[in-house]
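Asker: My questions concern the predicted model and sequence given below.
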Amino acid sequence: MSHITEEIKTSIQGVEPAEVSYPEKGYHYALEASLENLPDIVRFFDKKCFYLECLLCTDYTDTLELVYLFNTHLAPCRFKVTLKIDPQRPIAPSMSAIFDSAYWYEREIHEFYGVLFTGHPNMTYLFLHNDIHEYPLRKGKVPVPPEDKERLDSFKPGEQEDSFFINLGPQHPSTHGVLRVVLKMDGEYIEQAEPVLGYLHRMHEKMAENRSYQQFLPNTGRMDYLGPMSFNLGYVLAVERLCGIPVPERAKFVRIIATELNRICSHLLWLGAYLADLGALTPFLFVFDDREKIQDVLEGITGSRLTYCYFRFGGLYNDVDDPFIEGTKAVVKRMWSRFSLYEKLVTGNVIFINRTKGIGTITKEQARKYGVAGPVLRSAGIACDLRKVEPYSGYDELEVSFPVGEHGDALNTYKIRIAEMENSLRIIEQALAKLPGGPFMAEKVPKKLKPPRGDIYQVVETPRGELGIYIVSDESDRPVRMKWRVPSFSNLMIFPELTKGALLADAVAILGSLDLVIPEIDR
Amino acid sequence: MGERGFCLEKEIIPVKFAVVEKVLDLARANSLWPVTFGLACCAIEMMATSMSRFDIDRFGAGVFRASPRQADFMIVTGTVTKKMAPVLVTLYEQMPSPKWVIAMGNCAISGGPFVFEGQYNIVEGVDLLVPVDVYVPGCPPRPEALLEGLLKLEEKITGSRRFPRVESA
């Protein structure tokens, strides 16, 4: 990948990409941008088929730092582009015309830090509301100036003439939580969809800055309550990487088994909820039957049914026992026999096919521009599964295969999720066969973690796709900044594009196929 | 029953009206229809409660209504944010009387784990917004706990408990 650094050096003046140690940092190259050459740099990455993985802001009191993370899907080559801006006059150019995913990230940064992006078409509230008088994530108390508040509060649907609006949510059964989408309708057809988030904004990122690394651990389970193991795993991996804590082999394999069991649980719930959205209520009862069986097994080792907090820095909360191994084997055996049942119930159903085939089709180019992740990305035909492409926590010692779709429609994402459950079973079987003995916890993990100064970016593949955790440490026991790049957020970004001109009933089918978990989006 | 029932002052109304009231209460308690209103993690446990293993339908409370106008009680399942608060109050006001509220989980009871110095976005307890009849603690509560909460609500409505209480050993 060094030819890219050469190319960027020659094509843009004054850019010096520095190679950094990937195992320590989680990204390959770092470079500094200035206000003048930032658009050129971003356009360069766009031309080279990179996608904007994440855009975040960090407040270092004396300066605000914007971080743009670029990556490629097939072979990880992560660039961290930093832009320092003045906290007194925080203005930066908007990149939303080049990468569509920047559109929402910039709105988020504007609300939370007060950075104004010039050229951004819509700087209104995305998460927050007009009852908040200070920028929440700024270190000092920085009040929101009145003109900025007016700008933020300028989204008022229903006040224009000659159009009619429908509110989908926040209390609507098919938004799977408290998402609100304001739909501008032309009869039965959608002219424009505008998601309004933040109905479950629980300040996780602010909380992370207010407590120690251990204290934040239970929060990870509440962020994505359908795949808490993956979030747990991502967080402990990030902190272990930051502090250099070794993990014993046994713990790695148990982590894989627990995470994959949880992934099946999550996909099962998606299956039931999605079909319920489409009007088929029976599968809901079937999938909950399977879910309960898996939850019983996980409850035996974690002690909870839903919001697990099982992993610890350097290992696990407790060791797995024989009933867990036996239970897992029984669940795997049972699940293999269930897929044919789902096949008979759902896959061949004409109503189901008619409701999903050709609906919400995502092209490869759209998937890249919006930075979508997980099964939605793979349904568009991009073979990117981080367990394989950027392996972590012992996944490289197992044989991981993953399905890739062709059409990118809702039917494809359904098929991919079913196949993913089968793959998870295969991974569990391999991990069970290879499960080594030995300790389940690293020795000498300090009680009070004080990671060295620096930043880190850790990715894991959650049931919904790429989760990225960016932590900045200043050698104290609390992080300076912890940014969660969550998959549902980037998947929802593409929703307005997919629903343009679609029927209202199809919008529900599209929304369901994205598999959204709202607390994860809102954080 | 106070302002919720038909009869206002039990002491002075003839016995036969009190009986009607009791019969109505019995009917209400055995077919409590909840609003389909999931907020956060606890909503998944509420769904699990209504599914095959725990089967809330045994108590006649499995008819989840998507419209609050058809519902008898609301289970507040999760954190109420300041942005959500007006929506929740509207939903409550749209429900016809008599109506009840179960606060499920620590977030709905007191804000739970999300209360910290400098928090700017959550309502610390749903009872600051609407009157709550039964509190079910847990993070999230188990389905059995929600069922116990439902039995408590029935007890509150009828004045007697459906099952003998299970004494802890």
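Answerer: Okay, I see it. Residues are numbered from 1 along each chain as shown, chains lettered A, B, ... in the order given.

Asker: Kindly state the beta-bridge partners for B:M104.
Answerer: Beta-bridge pairing of B:M104 under DSSP bridges involves B:T77, B:V136.

Asker: residues in contact with it?
Answerer: Going by Cβ atoms under 8 Å, 6 or more residues apart in numbering or on different chains, B:M104 touches B:42, B:45-46, B:75-78, B:136, B:138, B:140-141, B:146, B:149. All C-beta atoms are positioned from the backbone trio N, CA, C, and that covers glycine.

Asker: in chain B, which ranges drop under the pLDDT threshold?
Answerer: B:1-18, B:166-169 (pLDDT under 70).

Asker: Tell me how chain B divides into domains.
Answerer: B:1-30, B:33-152 (automatic domain parsing).

Asker: Of the ones you listed, give the one that comes closest to A:I428.
Answerer: Ranking those by their distance to A:I428 (criterion: Cβ to Cβ) puts domain B:33-152 first, at 22.3 Å.

Asker: what separates that closest one from the chain centre, distance-wise?
Answerer: Centre-to-centre, domain B:33-152 and its host chain are 6 Å apart (Cα atoms, centre = their mean, to the nearest Å).

Asker: Around chain B, which positions in the stretch 101-250 of chain A sit nearby?
Answerer: Residues of the stretch 101-250 of chain A lying near chain B by Cβ under 8 Å from any Cβ of the partner chain: A:128-129, A:131-132, A:134, A:136, A:170-173, A:176-178, A:198-203, A:206-207, A:210-211, A:218-219, A:222, A:225-226.

Asker: Buried only: go through these for me.
Answerer: Applying 16 or more other Cβ atoms under 10 Å in any protein chain shown to those, the neighbour count classes A:128-129, A:132, A:136, A:170-172, A:176-178, A:198-203, A:206-207, A:219, A:222, A:225-226 as buried.

Asker: Now do the SS call for the residue nearest to the spatial centre of chain B.
Answerer: Chain B has B:I102 as the residue nearest its centroid, 2.6 Å off, counting by Cα atoms, centre = their mean. For B:I102, the secondary-structure state derived from DSSP: H, G, I helix; E, B strand; the rest coil is strand.

Asker: Does stretch A:484-492 reach chain B?
Answerer: No: residues of stretch A:484-492 are not located near chain B by Cβ under 8 Å from any Cβ, the shortest gap being 13.9 Å.

Asker: related to what we said a few turns ago, could you identify the pair within the contacts of B:M104 that is furthest apart?
Answerer: Maximum pairwise distance in the contacts of B:M104, criterion Cβ to Cβ, is 14.8 Å, between B:G78 and B:G149.

Asker: Between these two, which is the more surrounded one?
Answerer: Neighbour count, other Cβ atoms under 10 Å in any protein chain shown: between B:G78 and B:G149, B:G78 has more, with 32 against 22.

Asker: Could you list the contact residues of chain B toward chain A?
Answerer: Close to chain A, as judged by Cβ under 8 Å from any Cβ, chain B has residues B:35-41, B:43-45, B:47-48, B:51-53, B:66, B:78-79, B:81-84, B:87, B:91, B:113-114, B:116-122, B:139-140, B:142.

Asker: how about a cut-off of 6 Å?
Answerer: Within chain B, the residues that sit near chain A (Cβ under 6 Å from any Cβ of the partner chain) are B:36-37, B:39-41, B:44, B:51-53, B:66, B:79, B:81-84, B:87, B:114, B:116, B:120-121, B:140.

Asker: In helices, which of the residues you listed appear?
Answerer: B:41, B:44, B:87 (DSSP state H).

Asker: Where neighbours are concerned, which of the residues you listed has the most?
Answerer: Counting neighbours by other Cβ under 10 Å, B:C41 comes out on top of these with 26 neighbours.

Asker: Report the contact partners of that one.
Answerer: For B:C41, the contact set (Cβ atoms under 6 Å, 6 or more residues apart in numbering or on different chains) comprises A:222, A:225, A:307, B:140.

Asker: again, only using 8 Å
Answerer: Listed by Cβ under 8 Å, 6+ apart, the contact set of B:C41 reads A:222, A:225, A:306-307, A:519, B:78, B:105, B:139-140.
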